[in-house]
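Peer 1: Requesting a structural model of the entry that follows:
(chains A and B)
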2 protein chains.
Amino acid sequence: MRGADALVSVSAAAGMQVCFANPGTTEMAMVDALTQTKKMRPVLALFEGVASGAADGYARIAGTPASVMLHLGPGLGNALANLHNARRGQSPVVCWVGDHTSWLRPFDPPLATDIEAIARGCAQWIKTTSSVEGLPADALEAIAGAYGPRAGVASLIIPADFQDQALPEGFELPGPEAGKPRPKPLDRALVERAVNLLRGAKNPLLLLGGPIGDEASLLTAAKVAEVVNGKLLFEQFPRCARRAPGLPAPDKLGYLPFQARSQLAPHDVIVLIGADDPVCVFGYAGETPRLAPPESQVVDPAGEGRDPLEALQAIAASLELPKTPSNVVQKAEHGDVTGHLQPDTLCRTLARLLPEGAILADDGITSTLALYPNLTGAAPHDYMSCKGNSIGFALPAATGAAIAAPGRRVVAYSGDGSALYTIQALWTQAREGLDVTNIICVNRKYAILQMELMRSGGSLEGAGKSLTEIGEPDTDFAAIAQGFGVPARVVRDVPSFSAALEESFRTPGPMLIAAQFG
Amino acid sequence: MRGADALVSVSAAAGMQVCFANPGTTEMAMVDALTQTKKMRPVLALFEGVASGAADGYARIAGTPASVMLHLGPGLGNALANLHNARRGQSPVVCWVGDHTSWLRPFDPPLATDIEAIARGCAQWIKTTSSVEGLPADALEAIAGAYGPRAGVASLIIPADFQDQALPEGFELPGPEAGKPRPKPLDRALVERAVNLLRGAKNPLLLLGGPIGDEASLLTAAKVAEVVNGKLLFEQFPRCARRAPGLPAPDKLGYLPFQARSQLAPHDVIVLIGADDPVCVFGYAGETPRLAPPESQVVDPAGEGRDPLEALQAIAASLELPKTPSNVVQKAEHGDVTGHLQPDTLCRTLARLLPEGAILADDGITSTLALYPNLTGAAPHDYMSCKGNSIGFALPAATGAAIAAPGRRVVAYSGDGSALYTIQALWTQAREGLDVTNIICVNRKYAILQMELMRSGGSLEGAGKSLTEIGEPDTDFAAIAQGFGVPARVVRDVPSFSAALEESFRTPGPMLIAAQFG
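Peer 2: Residues are numbered from 1 along each chain as shown, chains lettered A, B, ... in the order given. As a prediction, this is how the structure comes out:
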């Protein structure tokens, strides 16, 4: 048994089922190990950022990590933006990065880079395997490293010779326990402090975030909020929020500091349930970093990497909760949508037609403002946002989510600018026959940058125009989609969008819908 | 004057004329500085790897660095693969990476990463600006840092507030001298040793590489080789080689160790003229790292970062050289090409039609084997190869070369797999109206990986098939090119390829030619 065979075997035994890959020469033994062991599903991406984004989307839906097979430092670099999103999204992702054969590495061949340095840009667990005998244990440590305490990216760098060499005869593979999550025990004092603050508060807030977002947590959080006369709010970019009639539908914290400050201002006590102490997304002149009112008390009952779900349950157990919460949403009645095709009418149409069990991957663009509120009360679905704010997330994440959840419709919601960073995701969707509806909001600009330029007093002429407008030449998304094997519809009004959406939702496989605004 | 205005002004004064950019919120002041100062040409890329590859191609042709404007760690990550190629290609490239406002950075906002760590993966000069007053000097140090002694990537990380703040009244901008190259003085003893070895050698070799490749160096090298009865050879992946009748046309060192060893075996003395002591590209089992015969003497007259061109001239001055070398190539007679469309017939057709002054950017793929030898004796042109071996180089590098050399035809030579990493380059070519002919050799596979799999005894079934074949679905390059605004021709035989090539060469602007093999 080669090192690579052991890597795949122990990882599969620990629950890893999928390998998103864009391999090169230094990964050939790992590729062959996937072939020989047949223990994991290989999924090819034409660009590494698609593979890493898919692993993020997969982890958010499956709850377990996938591996991402990458070719040396440049492959890891190409994957980095979506690994950053995965890290911020607290998604467990395990990178298998091939490295040069150990005896060649010191001679600095053309493809050599400082892989560990690059990995430090996004991974919380990094190791370079130093022998074939060490590889199986490293594989499991990487999985545990990705799980946390806070989930994120683990990068295992594996020299080609240690993949290829045979393990000594009689070598015993470690059991899967070493690859399991290792939660940090709850700190009862922190929980008690949170309960006391909640009880004494005039207007407490439960700020939800991180891994919190499933049905049970949301119901528990709603009951706690109700009993302490408090409110629920999601952090700026929820990781994976269950949205359904009968569940609470907390607002999201605003992107701009003035919005966020006005949402937080009324609260004297802010209890962080998975969320971090909220800070500005960007440091505008005249602002201060923290968003909570300076006089408020901010407490994290799961501080320092403890499990926020366990903390929430402990808080709930200390209070007398109602059986069912009353602060939940009802099923919305969606009438026909009229008017021009704009983000608002588009999202209302989406809300009307969304099939039960759908998954949304949102790139976090200007058109996103209309998405979340309009989907409140729609059919039960999961909402994933781009927690790391690096655009080019939605199409790859939707691809991975579809691999994790066959039978569920996945909707990628992206802009034209954002979709083009990782447009190669369409090819993997076509190859794997994934039920993904890619909605591209086409406004022919980096609208958010134009807003930021104007906000800072910059000009929209000259470079201010040429570096923020992308309509010359106009991108033909239908042609690009066709080029990657995905059928496409270009729509300019609500009825056409509605028809295309219905067609995609009833047709297996991927589709791209380019919504041309204005 | 804001920090960003000073950054652009001093960089322009030091000779930097172009900024390849994909900006975000933290780069808005730099964008506005480009608008206000009008001192540099802004060129937008839809993906950062296009911008960095364009800067590499630009530097190889212009001889001066361009800047690459990138958004935080994820933007730098997306640029990394082609920055790696630029570093290996000894191309001076200056990255301007925006960072969060300095007071926000410690609070770890969503887009924060360890940017310096990522930069260490490819840059030889790295600094984070710590005040607006420091920014102008940092800008010039970055340029000098990119120049070398050995040219490469400099990454200047600039917090948004230091871009945006005004410099104190009366602040004097530093002069452009600080941004000039700082060559290391020649070591006469090293040169003398090389001359003595050359004189005493039975069969010496001059191994050319790094910055060596222009007409004057090649002629000098040819004369030196002639007078010592030696041979010329290029390193595996020449940076920018002038090729023309009347110039020597050294072979390239082979990619596979057995080829390279047989080329080096006859030589008792190997003098490195810009090249490094050659090593294997990959560490195959049973190989050793160095490729030169163990008993040969390998000497670098420009060791430790000295200028190889100066060393070559010093060697030449120590010898009695002929006025013109005789070991040069003649203009080749290109008859009509017949037979199936294959890399060989394709490259012979290209050699026949190549216009004088063309520039070739070669991705370094399996079809590359036919390119370099078939172009020997063609019309005078420059040949750039992917020195860092990270594919996805040719289309972006051709884009940058075309910006550097208006009026010259640029040919990108890529495979289907390699072109798809950075296919967004087509859009920048269309927007800027660049005279680039993109030849895509379509074989529907990562052929090099299938070769590597077979070489290592791996299977081409299962993952060995699904991770190395890209023909299902088949990529429609004509549709993708059209989607990005570039006209395309799909050809399946030599006459059609020839016609498409002629059409592209006589038509201003970009074109994509997808050559479908077998």
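Peer 1: Quick one: mean pLDDT for stretch A:416-431?
Peer 2: Per-region confidence: stretch A:416-431 scores 98 on mean pLDDT.
Peer 1: Can you check the distance spanned by it, start to finish?
Peer 2: The straight-line separation of the ends of stretch A:416-431 (Cα to Cα, to the nearest Å) is 22 Å.
Peer 1: is chain B contacted by the longest helix that chain A contains?
Peer 2: If you go by DSSP state H, chain A has its longest helix at helix A:72-88. Yes - for helix A:72-88 and chain B, the contact criterion (Cβ under 8 Å from any Cβ of the partner chain) is met by A:73-75, A:77-81, A:83-85, A:88. Yep, even glycine has a C-beta here, placed from its N, CA and C like the rest.
Peer 1: How about the residues of the stretch 151-300 of chain A by chain B?
Peer 2: A:160-161, A:164, A:236-237, A:276, A:279-285, A:288-290.
Peer 1: My error: substitute the stretch 301-450 of chain A in the last question.
Peer 2: A:387-390, A:417, A:420-421, A:423-424, A:427, A:430-431, A:448-449.
Peer 1: Redo these as CSV? Include neighbour count and secondary structure.
Peer 2: Converted to CSV, these look like this (neighbours: other Cβ atoms under 10 Å in any protein chain shown; DSSP: H, G, I helix; E, B strand; the rest coil):
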residue, neighbour count, secondary structure
A:387, 27, coil
A:388, 26, coil
A:389, 26, coil
A:390, 31, coil
A:417, 28, helix
A:420, 24, helix
A:421, 31, helix
A:423, 33, coil
A:424, 24, coil
A:427, 26, helix
A:430, 21, helix
A:431, 19, helix
A:448, 20, helix
A:449, 24, helix
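Peer 1: Output the least confident helix or strand in chain A by mean pLDDT as PDB, nothing but the C-alphas.
Peer 2: The weakest-scoring helix or strand in chain A, judged by mean pLDDT, DSSP states H and E, is helix A:447-455 (a mean of 94). Provided in PDB are the C-alpha atoms of helix A:447-455 (Å, rounded to 0.1, in the frame of the first residue of the first chain):
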ATOM      1  CA  ALA A 447     -21.400  48.600  -8.900                       C
ATOM      2  CA  ILE A 448     -20.100  48.300  -5.400                       C
ATOM      3  CA  LEU A 449     -16.900  50.000  -6.400                       C
ATOM      4  CA  GLN A 450     -18.600  52.900  -8.100                       C
ATOM      5  CA  MET A 451     -20.500  53.400  -4.800                       C
ATOM      6  CA  GLU A 452     -17.300  53.200  -2.900                       C
ATOM      7  CA  LEU A 453     -15.600  55.600  -5.300                       C
ATOM      8  CA  MET A 454     -18.400  58.100  -5.000                       C
ATOM      9  CA  ARG A 455     -18.600  57.700  -1.200                       C
END
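Peer 1: what's that helix in contact with?
Peer 2: Helix A:447-455 has contacts (Cβ atoms under 8 Å, 6 or more residues apart in numbering or on different chains) with A:282, A:284, A:365-366, A:415, A:459-460, A:464, A:467-468, B:23-25, B:28, B:31-32.
Peer 1: 6 Å instead?
Peer 2: A:366, A:464, A:468, B:25, B:28 (Cβ atoms under 6 Å, 6 or more residues apart in numbering or on different chains).
Peer 1: tell me the least confident of those?
Peer 2: Among these, residue A:366 has the weakest pLDDT, 86.
Peer 1: so how far is residue A:415 from that residue?
Peer 2: 7 Å (Cβ to Cβ, to the nearest Å).
Peer 1: who's in contact with the helix or strand harbouring residue A:217?
Peer 2: Taking DSSP states H and E as the criterion, residue A:217 maps to helix A:215-227. Contact with helix A:215-227 is made by A:206, A:232, A:242, A:247-248, A:309, A:312, A:315-316, A:319, A:321-322, A:325, A:327, as judged by Cβ under 6 Å, 6+ apart.
Peer 1: Just the buried subset of those, please.
Peer 2: Burial by neighbour count, 16 or more other Cβ atoms under 10 Å in any protein chain shown: within the contacts of helix A:215-227 this picks out A:206, A:232, A:242, A:247-248, A:309, A:312, A:315-316, A:321, A:325.
Peer 1: one step back: closest one of the residues of the stretch 151-300 of chain A next to chain B to chain B?
Peer 2: Closest approach to chain B among those (Cβ to the nearest Cβ): residue A:283, at 2.6 Å.
Peer 1: okay, now that closest one: neighbour count?
Peer 2: 25 (other Cβ atoms under 10 Å in any protein chain shown).
Peer 1: Contacts only, for residue A:157.
Peer 2: Residue A:157 neighbours (Cβ under 6 Å, 6+ apart): A:97, A:99, A:115, A:128.
Peer 1: Could you verify that the first one is part of a strand?
Peer 2: If I follow you right, that is residue A:97. Yes - assignment of residue A:97 by DSSP: H, G, I helix; E, B strand; the rest coil places it within a strand.
Peer 1: Noted, bye for now.
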